[in-house]
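> got a structure for you, letters missing:
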């Protein structure tokens with residue numbers, strides 16, 4: 001039994017210490033007109049940002065920022081911005097794996113809760129709930145690395 005516990009103590013682990021809404025806004029700028037029947041389905045745009053900062057040797061605050069809107073210009077139905085965060089404690093993660101774990105796995109754990117907050121706010125604003133499709137945080141991470149690498153030569157010049 002002692003060997004099993006020792007092996008478990010060495011296993012990589014991510015502990016979500018706490019999750020919280022840092023900032024949230026929902027706008028329904030054209031109500032009540034926007035709540036009536038619409039001639040066509042609105043264009044829905046969503047942006048995703050992930051930010052993180054180390055707050056202790058093994059602790060990281062990770063922010064998942066979701067911004068979105070339905071409709072455009074004078075036909076905007078609603079807008080939202082959510083900054084949802086969590087404190088994560090990482091154990092037995094190799095140093096070269098730390099950044100991808102923080103920027104991929106931690107927001108993946110936060111996403112279902114942020115998605116629900118947005119769905120309920122949109123429903124509370126008088127619209128059908130907006131269930132954001134799952135997000136591929138690994139693809140977002142790779143894209144961000146490519147952007148940084150593409151801009152790196154400019155920094156060296």
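Cool, the structure landed. For clarity, every value in this text was computed on a predicted model and none was experimentally measured.
> Can you give the distance of stretch 15-22 from its chain's centre?
12 Å (Cα atoms, centre = their mean, to the nearest Å).
> And for stretch 25-39?
25 Å.
> model confidence over that stretch, on average?
When pLDDT is averaged over stretch 25-39, the result is 87.
> distance between the ends of it?
Start-to-end span of stretch 25-39 (Cα to Cα, to the nearest Å) is 27 Å.
> Quick check, central residue of this protein?
What sits nearest the mean C-alpha location of the chain, by Cα atoms, centre = their mean, is residue 64, with 3.0 Å.
> any idea whether that one is helix, strand or coil?
What DSSP: H, G, I helix; E, B strand; the rest coil gives for residue 64 is strand.
> bridging residues for it?
residue 50, residue 84 (DSSP bridges).
> What pLDDT does the model give it?
The predicted local confidence for residue 64 is 98.
> same deal with residue 144?
On the pLDDT scale, residue 144 is placed at 89.
> What's the local residue count around it?
13 (other Cβ atoms under 10 Å). C-beta coordinates here come from the backbone N, C-alpha and C atoms, glycine included.
> Just give the nearest non-adjacent residue to it, would you?
residue 103 (7.9 Å; Cβ to Cβ, 6 or more residues apart in numbering).
> just residue 27 next, same as before
residue 79 (4.5 Å).
> What about the one you found? Give its phi and psi, please.
Note on residue 79: its backbone torsions stand at phi -140, psi 150 [degrees, to the nearest 10].
> Could you measure from it over to residue 115?
To residue 115, residue 79 is 17 Å away according to Cβ to Cβ, to the nearest Å.
> Have a look at those two and say which one is more surrounded.
residue 115 (21 against 17).
> what about the more buried one, which SS state?
Under three-state DSSP, residue 115 falls in the helix class.
> Let's see the pLDDT reported for the closest residue to it other than its chain neighbours.
In space, and not counting its chain neighbours, residue 115 is closest to residue 132: 5.1 Å by Cβ to Cβ, 6+ apart. pLDDT for residue 132: 96.
> Hmm, residue 53 and the residue nearest to residue 144 touching each other?
No. With contact defined as Cβ atoms under 8 Å, residue 103 does not count as touching residue 53 (11.6 Å).
> Show me which of these two is the more surrounded one.
Per other Cβ under 10 Å, whichever of residue 103 and residue 53 has more neighbours is residue 103, with 21 against 10.
> mind checking how far that one is from residue 62?
On the measure of Cβ to Cβ, residue 103 and residue 62 end up 8 Å apart.
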